[in-house]
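*Asks:* The following comprises the amino acid sequence and a computationally predicted model.
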Amino acid sequence: MTLVEREHIHEDAVRLSEATAGDFIALLKPRVMSLVVFTAFVGMVLAPASLNPFLALIAILAIAVGAGASGALNMWYDADIDAVMARTAGRPVPAGRVAPGEALGFGLFLSAFAVMTLGLMANWLAASLLAFTIFFYVVVYTMWLKRSTPQNIVIGGAAGALPPVVGWAAITGTVSVESLVLFLIIFLWTPPHFWALALFKSSDYGRAGIPMMPNVAGAASTRRQIFVYAVLVAVSGVLPAVLGFASLRYGVVAAALGAAFVWYSWRVLAGRGADGSMRPEKALFGYSVVYLFAIFAALLCDGLFARFGG
């Protein structure tokens with residue numbers, strides 16, 4: 001072994017020793033994971049089957065680990081573009097705290113563990129859906145769509161919309177119209193949420209060479225598309241009440257939340273941030289996060305009341 005080879009091994013060992021537990025937790029994208037866990041749990045509660053607390057806990061943990069695995073694999077592959085974006089440069093891999101190979105191995109191990117656990121403890125339909133979700137997010141979205149088309153977040157949003165379907169399948173062993181409505185709400189929500197971010201982070205995406213909608217089609221076209229999707233989000237949000245698997249109380253709450261979503265999007269469409277402040281875009285981005293948590297919280301409360309409130 002040459003002196004140079006020994007120095008490289010020493011450098012790798014030092015870099016490994018710098019990785020903390022917090023760095024590996026960061027690889028899991030905890031904020032994204034929390035949304036995945038929450039929407040998957042709502043899918044479980046709304047599913048028309050008895051809810052075994054132990055199996056539900058195991059299923060939620062498996063789905064959470066699968067979501068974290070997706071995040072780790074995403075950070076492994078995207079380390080080059082994360083390094084040039086201010087929003088992501090501090091992530092563990094581009095910052096050099098976690099070696100790319102470590103992130104890859106970590107993500108692959110967690111993926112296999114999550115899918116096998118869900119299959120053995122719940123059912124293989126749910127496990128297959130979880131495996132497909134990981135594959136779609138990492139391979140279809142991260143490796144292909146993200147760098148090749150401005151529709152990246154539209155098509156890729158399917159991965160983020162699948163957790164309630166996985167949760168539903170974990171309890172019932174089936175996929176139903178109701179679970180697909182939950183999928184639709186998140187799927188339609190994803191473009192206006194991320195395009196609002198892309199409007200005030202367009203320079204960041206431009207430096208990284210990511211063809212986000214504002215960078216390709218322009219801000220005006222993006223604002224129009226945001227508004228169209230916001231209307232669709234508002235409509236999809238009341239579908240659970242229309243289809244009868246949520247109450248009228250939920251329908252009223254969903255309609256109010258959807259109306260606010262449309263209003264925030266209208267402010268973006270009106271170009272009130274054209275002075276460079278981007279306040280409407282930032283407000284829409286912030287509200288979109290509140291909207292998704294609120295709409296699924298309303299579904300959760302409605303579902304719990306239906307199960308235990310008589």
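*Replies:* Happy to help now that I have it. Residues are numbered from 1 along each chain as shown.
*Asks:* ok, so what distance separates Val93 from Thr133?
*Replies:* Look at Val93 and Thr133: by CB to CB, to the nearest Å, they are 22 Å apart. For every residue, glycine as well, the C-beta is placed using N, CA and C.
*Asks:* My error: substitute Val175 in the last question.
*Replies:* 13 Å.
*Asks:* Between those two, tell me which one has more neighbours.
*Replies:* Shown here are Val175 and Thr133; by other CB atoms under 10 Å, Thr133 has more neighbours (24 against 16).
*Asks:* In contact with the more buried one: list those residues for me.
*Replies:* If you count contacts by CB atoms under 8 Å, 6 or more residues apart in numbering, Thr133 has them with 66, 70, 159, 162-163, 166.
*Asks:* List buried residues within the residues you listed.
*Replies:* 66, 70, 159, 162-163, 166 (16 or more other CB atoms under 10 Å).
*Asks:* State the mean pLDDT of the helix ranked longest in the chain.
*Replies:* Ranked by residue count under DSSP state H, the longest helix found in the chain is helix 279-308. Mean per-residue pLDDT for helix 279-308: 95.
*Asks:* Filter the buried ones among the contacts of Thr133 down to the ones in strands?
*Replies:* Nothing among these maps onto strands, per DSSP state E.
*Asks:* Show me the two of those that sit farthest apart.
*Replies:* Greatest spatial distance among these (CB to CB): Ser70 and Val166, at 12.3 Å.
*Asks:* what's the neighbour count on Thr88?
*Replies:* So Thr88, with other CB under 10 Å, has 18 neighbours.
*Asks:* so it, which of the three states?
*Replies:* Here Thr88 is recorded as coil under DSSP: H, G, I helix; E, B strand; the rest coil.
*Asks:* Outline the domain layout of this protein.
*Replies:* 17-175, 176-310 (automatic domain parsing).
*Asks:* From the chain's centroid, how far away is the longest one?
*Replies:* In other words, domain 17-175. 8 Å (CA atoms, centre = their mean, to the nearest Å).
*Asks:* pretty sure Asn74 is touching Val139, no?
*Replies:* No: using CB atoms under 8 Å, Asn74 is not in contact with Val139; the gap is 10.6 Å.
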